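A.B. asks: Give me a 3D structure for the following:
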Amino acid sequence: MQTIINLFRNNIREYGMIIALVFITALFWVLTDGITFKPLNLTNLILQNGFILVLAIGMVLVIITGNIDLSVGSVVAFVGAIAGVLMINNNVPVWLAIILSILVGALIGVWQGFWIAYVGIPSFIVTLAGMLIFRGLTLYLLDGKSLAPFPDSFGKLSSGFLPDIGAGDFHLLSIILSILLSLVLIYLEFSKRKTQIHYNFEVLPLWITVTKLGILVLVINWFTYQLALNKGIPVVLVIVIALIAIYTFIMKNTVMGRHIYATGGNQKAADLSGVKTKRVVFWVFVNNGVIAGLAGLMFAARLNSATPAAGNMLELDAIAAVFIGGASMSGGVGTIIGAIVGGLVMGVMNNGMSLIGIGIDWQQAIKGMVLLLAVGFDVYNKKRAGK
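C.D. replies: You can find the predicted model right below:
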């Protein structure tokens, strides 16, 4: 029992947000008479929030290092404008335009990372300047107008679905992939447990591990079954899952991941330990530029147009998702899964409040209050731990 208490106490923010997500989802399921869990609405929930989840994955690395990036919304718009100019005005092939657009995102990351890491200007100032610069460049590129439509093949990036392997309305491939994913997660969990036991680490009781896996597998397969009743798994979801797997591995199992946490936890101590913190911060911003570029392409594909107003306020949604998901403003704390949970909390709230007819004014106010409470909860826990 003490092991369970310690587990919850050490992961109170992460588990707390998961519990909050379950509660919020159940609340809107009741308030919307079950519409929240309808296959069509679940699909729309993914399509509407996929690019925010992508942005949150890049943003959490920035915040773990103790920095902030206010420019990602403008970068989303700028990259979308670049893609529009290339594909629509100049008939550049879709695949080449995607590569060039993401390269532009990387160059933006290089630009901002240089000023922050090597010149020493605070990230708040550099990215605030970037927010203005890239919004202005977007207006210049588009001449204040929207460019549309994109080629049909590009639209599949944000609104496409995986093909099926059979006939009929039920998407069989989605179920097969869901089962395979479940088996992989079970294997990884028990492999991790075996390694911990081998090195005499403290492990959870077997029944807790089995229960946790059972709930996770049940949720994954139920969710995929609902998607299979509609059109199957969206391409957006595949992109998000791939990014979650890649970045979770990087942050948990690589030297780079440990250096990112060390840089945010105590930069001076990390420097003395041999961590090249300037290089770490630089590459984190380059990475965030690439992620913002990808999100810009997804957003443009979703709108089927490049527009000057694209990405407006997205940086605040991404930042809010990261903090709601358990990251600390002081750096050194945060997880990819936590950022995704935070993004889902925001997405479910947006979707649920829209379904029950709450106006955009109150939606913004409620989201702001949730963010304030989440950060306040973090501050309270730190003060209590320090006593």
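A.B. asks: name the helices or strands packed onto the helix or strand encompassing Tyr187?
C.D. replies: Using DSSP states H and E, Tyr187 falls within helix 172-198. Applying 3 or more Cβ pairs under 8 Å, 6 or more residues apart in numbering; DSSP states H and E, one finds that helix 172-198 contacts helix 206-228. The way it works is simple: take the backbone N, C-alpha and C, and place the C-beta from them, glycine included.
A.B. asks: Which neighbouring elements make contact with the helix it packs on?
C.D. replies: Against helix 206-228 (3+ Cβ pairs under 8 Å, 6+ apart) you get helix 39-64, helix 172-198.
A.B. asks: switch to 6 Å and redo it
C.D. replies: helix 172-198 (3 or more Cβ pairs under 6 Å, 6 or more residues apart in numbering; DSSP states H and E).
A.B. asks: Give the buried residues for the helix it packs on.
C.D. replies: For helix 172-198, the neighbour count (16 or more other Cβ atoms under 10 Å) marks Leu173, Ser174, Ile175, Leu177, Ser178, Leu181, Ser182, Ile186 as buried.
A.B. asks: go on, stretch 320-334?
C.D. replies: Neighbour-count burial for stretch 320-334 flags 320-328, 331-334 (criterion: 16+ other Cβ under 10 Å).
A.B. asks: which residues touch the residue nearest to Asn221 when sequence neighbours are not counted?
C.D. replies: Distances taken as Cβ to Cβ, 6 or more residues apart in numbering put Ser178 closest to Asn221, at 5.1 Å, once the chain neighbours are dropped. Neighbour list for Ser178: Ile220, Asn221, Thr224 [criterion: Cβ atoms under 6 Å, 6 or more residues apart in numbering].
A.B. asks: what does Ile336 give?
C.D. replies: Ile244, Tyr247, Thr248.
A.B. asks: Could you check how far it is from Val94?
C.D. replies: Distance, Ile336 to Val94, using Cβ to Cβ, to the nearest Å: 29 Å.
A.B. asks: Ok, Ile125 next?
C.D. replies: Counting by Cβ to Cβ - Ile125 and Val94 are separated by 37 Å.
A.B. asks: more neighbours, these two?
C.D. replies: Between Ile125 and Val94, Val94 has the larger neighbour count (other Cβ atoms under 10 Å), namely 18 against 12.
A.B. asks: Quick check: next helix or strand after the strand or helix carrying Phe285?
C.D. replies: Secondary structure from DSSP H and E places Phe285 in helix 277-303. Downstream of helix 277-303, the first helix or strand assigned by DSSP H and E is helix 314-324.
A.B. asks: Give me the residues contacting that next one.
C.D. replies: Residues contacting helix 314-324 (Cβ under 6 Å, 6+ apart): 52, 55-56, 59-60, 63, 70, 72-73, 76, 339, 342-343, 345-346, 371, 374-375.
A.B. asks: Good, we can wrap up now.
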